[in-house]
Every structure is written in C-alpha cells, then in structure tokens.
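> I'd like to go over a predicted model; first the sequence, then the structure.
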Amino acid sequence: MKERKMQMVVHKIKMDEGNQLDVQFWLNQPASARIAEVTRLRYNYYTWLLGEFPKQMEKTAKRRKL
C-alpha cells in the first residue's frame, strides 16, 4: 500500500453551522461569481435532464421599479 505524503483532515461540524458557512461563503463572493455558479449549475442540470442545454429558456424574472 502506498504511503500518503499528506495527512487527511476532517472537520466535524453541526448541520446548522455548515449551512451558515455556505451562506457566508456565497455572501462574500462577488455578484459575478455567484451568477457564474448559478449559470454553471443550470447548464449541468438541463444537460443532465434533457441531454442538451435548451436554445431558449422561459423568462423567470420580472423587472419592476422600487
């Protein structure tokens, strides 16, 4: 068996703390990185679901004045 050069590290945390860490991570990312990740996830999901990414997508958001 091959000897590891680096020790494996595990951090045990409660489920609530993990969710908070995820939220903090994404809130600290710039908007462009968050949008890029949502786009990547959407692309992967539709490719998995339909076999290809649709050429057109239904509009899911509306703009309105505040």
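Alright, I've got the coordinates. Numbers count the residues shown, from 1 in each chain.
> What's the per-residue pLDDT of Pro54 here?
Note on Pro54: pLDDT of 81.
> Checking it next. Helix, strand or coil?
coil (DSSP: H, G, I helix; E, B strand; the rest coil).
> and Met57, how many neighbours does it have?
Applying other CB atoms under 10 Å, we find 9 residues neighbouring Met57. Yep, even glycine has a C-beta here, placed from its N, CA and C like the rest.
> Then Tyr46?
Tyr46 has 14 neighbours, counted by other CB under 10 Å.
> Tell me which residue is most central in the protein.
By CA atoms, centre = their mean, the chain has its centre lying nearest to Glu37, at 5.3 Å.
> contacting residues around it?
Shown in contact with Glu37 (CB atoms under 8 Å, 6 or more residues apart in numbering): Gln29.
> Which helix or strand contains it?
Using DSSP states H and E, the element containing Glu37 is helix 31-50.
> roughly how far is that helix from the heart of the chain?
Chain-centre distance of helix 31-50: 8 Å, with CA atoms, centre = their mean, to the nearest Å.
> C-alpha coordinates for that helix, CSV please?
Extracted C-alpha coordinates of helix 31-50, given in CSV (Å, rounded to 0.1, in the frame of the first residue of the first chain):
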residue,chain,number,x,y,z
ALA,A,31,-22.1,39.0,-7.8
SER,A,32,-20.4,37.9,-11.0
ALA,A,33,-19.0,34.7,-9.3
ARG,A,34,-22.5,33.9,-7.8
ILE,A,35,-24.2,34.4,-11.2
ALA,A,36,-21.5,32.3,-12.9
GLU,A,37,-22.1,29.5,-10.4
VAL,A,38,-25.9,29.6,-10.9
THR,A,39,-25.4,29.5,-14.7
ARG,A,40,-23.0,26.5,-14.4
LEU,A,41,-25.5,24.6,-12.2
ARG,A,42,-28.4,25.4,-14.5
TYR,A,43,-26.3,24.3,-17.5
ASN,A,44,-25.4,21.0,-15.8
TYR,A,45,-28.9,20.3,-14.7
TYR,A,46,-30.6,20.9,-18.1
THR,A,47,-27.9,18.9,-19.8
TRP,A,48,-28.5,16.0,-17.4
LEU,A,49,-32.3,16.3,-17.6
LEU,A,50,-32.7,16.9,-21.4
